[in-house]
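Undergrad: Would you be able to build a 3D model of this:
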Amino acid sequence: MGPELQSLAAASGASRGIAAVLLDDEALAQKVLNSEDLLAQFALLACARLTQMALPLAQVSAFFGSRNADLALAAECYLLAEDSPEARHLMLEGRPNAAFITGWRENYSRNLDAIARVEEGLRAEILQDNGPLEIYALLVNNKHGHHILRVYPNRAVYTFYEDASRYLQRAIAQADLAQFKGFITNNNLAEMGPQFSHCHVCSDSQYLSLTRQGGRRVFSHQEILGWRTIIANFELLGQGDGREVYYYIAGEIKGLKILYKSEAARALDVWQQGADLHVLVKRDATSEEIKEERKEIETEDESDADG
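TA: Numbers count the residues shown, from 1 in each chain. The predicted structure follows:
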């Protein structure tokens, strides 16, 4: 297809940018980048991102602030996918003190809008005048189930957004904070790229570290326990004294008083009879109760066998 591709390369518009990538022609790609053909440049950046064709990063970053929104987006997507230290530096340099986040994440065969919405909320939060200095988060592609650690000048707070009704919160001591940061540094999480693995039941999640100067996302598409070490270190922040359970409804109904709250029990039904309020709750069986129940079943089986 050489002659046909060469004829595309001689044309203008998107055809020229696509031809440069199909031919893997660095000289032609350089001419397109230096030209004023916006459509050819857009096509070149989009296709080079998909094939991972190497382009001069400094030139690509020049389009990062283009007035043409499509061209600026194409440059941003290319640099996010290229993801080298130089590409990250250029992106952060082009968005100073804007909490711009590097690291690949795109909607592919699955919609990742749930993660994106929480991420944007955290960016807005850290850019507030009284916002946190640092945020560390483990986000899932759902409305709930997020682990978020907020670090302020004189305190640190861990929050686990358990479900639609409540969240768990705990103030973090400096020693615990230092241990958590040590885990992040020692495992080089900020330098990791997207994590993919073969799985029967895949789960989408994202590690995020964020400051006003910039942030880093590491996307994961693997088994739910694929990141068990990261999950365990976030959950460790919620263990110990000072752990509190909060209900969202308390902020919506004036004068509401929480009479009973528990992490172990779940409310199944509520009803009122006269002045009495009745609540049906359920808790998971303890390991001792499970063992005792198994013994009873085994004893009954033995009795049936003897009979």
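Undergrad: average model confidence for stretch 79-87?
TA: Confidence for stretch 79-87, expressed as mean pLDDT, is 94.
Undergrad: What's the end-to-end length of that stretch?
TA: 6 Å (C-alpha to C-alpha, to the nearest Å).
Undergrad: Give me the buried positions along that stretch.
TA: 79-83, 87 (16 or more other C-beta atoms under 10 Å). Every residue, glycine included, has its C-beta placed from N, CA and C.
Undergrad: Which members of these define the maximum pairwise distance?
TA: Longest distance between any two of the buried residues of stretch 79-87 is 8.8 Å, between 81 and 87; criterion C-beta to C-beta.
Undergrad: thinking again about what came up before, from the buried residues of stretch 79-87, which land in helices?
TA: Counted as lying in helices by DSSP state H, out of those, are 79-82, 87.
Undergrad: Go ahead and name everything in contact with stretch 138-158.
TA: 110, 112, 114-115, 118-119, 122, 132-137, 159-164, 169-172, 174, 177, 180, 203-208, 227, 230-231, 234-235, 237-238 (C-beta atoms under 8 Å, 6 or more residues apart in numbering).
Undergrad: 7 Å - rerun?
TA: For stretch 138-158, the external contacting residues (C-beta atoms under 7 Å, 6 or more residues apart in numbering) are 112, 114-115, 118-119, 132-137, 159-164, 169-172, 177, 204-208, 230-231, 234, 237-238.
Undergrad: among these, which ones are buried?
TA: Buried among the contacts of stretch 138-158 (16+ other C-beta under 10 Å): 112, 114-115, 118-119, 132, 134-137, 159-161, 169-170, 172, 177, 204-208, 230, 234, 237-238.
Undergrad: Using PDB, list the CA coordinates for the lengthiest helix in the chain.
TA: Criterion DSSP H: the longest helix present in the chain is helix 287-306. What follows is helix 287-306 as a C-alpha-only set of coordinates in PDB (Å, rounded to 0.1, in the frame of the first residue of the first chain):
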ATOM      1  CA  SER A 287     -16.200 -17.000  64.200                       C
ATOM      2  CA  GLU A 288     -17.000 -18.600  67.500                       C
ATOM      3  CA  GLU A 289     -20.700 -18.700  66.600                       C
ATOM      4  CA  ILE A 290     -20.000 -20.200  63.200                       C
ATOM      5  CA  LYS A 291     -17.800 -22.900  64.800                       C
ATOM      6  CA  GLU A 292     -20.600 -23.700  67.300                       C
ATOM      7  CA  GLU A 293     -23.200 -23.900  64.600                       C
ATOM      8  CA  ARG A 294     -21.000 -26.300  62.600                       C
ATOM      9  CA  LYS A 295     -20.600 -28.600  65.600                       C
ATOM     10  CA  GLU A 296     -24.400 -28.700  66.100                       C
ATOM     11  CA  ILE A 297     -24.900 -29.600  62.400                       C
ATOM     12  CA  GLU A 298     -22.200 -32.300  62.600                       C
ATOM     13  CA  THR A 299     -23.800 -33.700  65.800                       C
ATOM     14  CA  GLU A 300     -27.200 -33.800  64.200                       C
ATOM     15  CA  ASP A 301     -25.800 -35.500  61.100                       C
ATOM     16  CA  GLU A 302     -24.200 -38.200  63.300                       C
ATOM     17  CA  SER A 303     -27.500 -38.700  65.200                       C
ATOM     18  CA  ASP A 304     -29.300 -39.100  61.900                       C
ATOM     19  CA  ALA A 305     -26.700 -41.600  60.700                       C
ATOM     20  CA  ASP A 306     -27.000 -43.600  63.900                       C
END
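Undergrad: buried set for it?
TA: In helix 287-306, no residue is buried by neighbour count (16+ other C-beta under 10 Å).
Undergrad: Just the ones in helices from the contacts of stretch 138-158, please.
TA: 114-115, 118-119, 177, 230-231, 234, 237.
Undergrad: Farthest pair within those?
TA: 114 and 177, at 27.6 Å, using C-beta to C-beta across these.
Undergrad: now the stretch 151-300 of the chain, which segments are flagged as low pLDDT?
TA: Applying pLDDT under 70 to the stretch 151-300 of the chain flags residues 263.
Undergrad: hmm, back to that, run through the neighbouring helices and strands of the longest helix of the chain.
TA: Based on contacts counted as 3 or more C-beta pairs under 7 Å, 6 or more residues apart in numbering; DSSP states H and E, there is no element that helix 287-306 packs against.
Undergrad: Let's have the buried residues of stretch 79-87 in TSV, adding distance to residue 153.
TA: TSV is the format used below for the buried residues of stretch 79-87 (distance: C-beta to C-beta, whole Å):
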residue	distance to residue 153
79	32
80	31
81	36
82	35
83	32
87	32
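Undergrad: Who are the contact partners of residue 202?
TA: 221-223.
Undergrad: with the residues you listed in mind, which one is nearest to residue 40?
TA: Nearest to residue 40 among the contacts of residue 202, with distances taken as C-beta to C-beta, is residue 221, at 33.2 Å.
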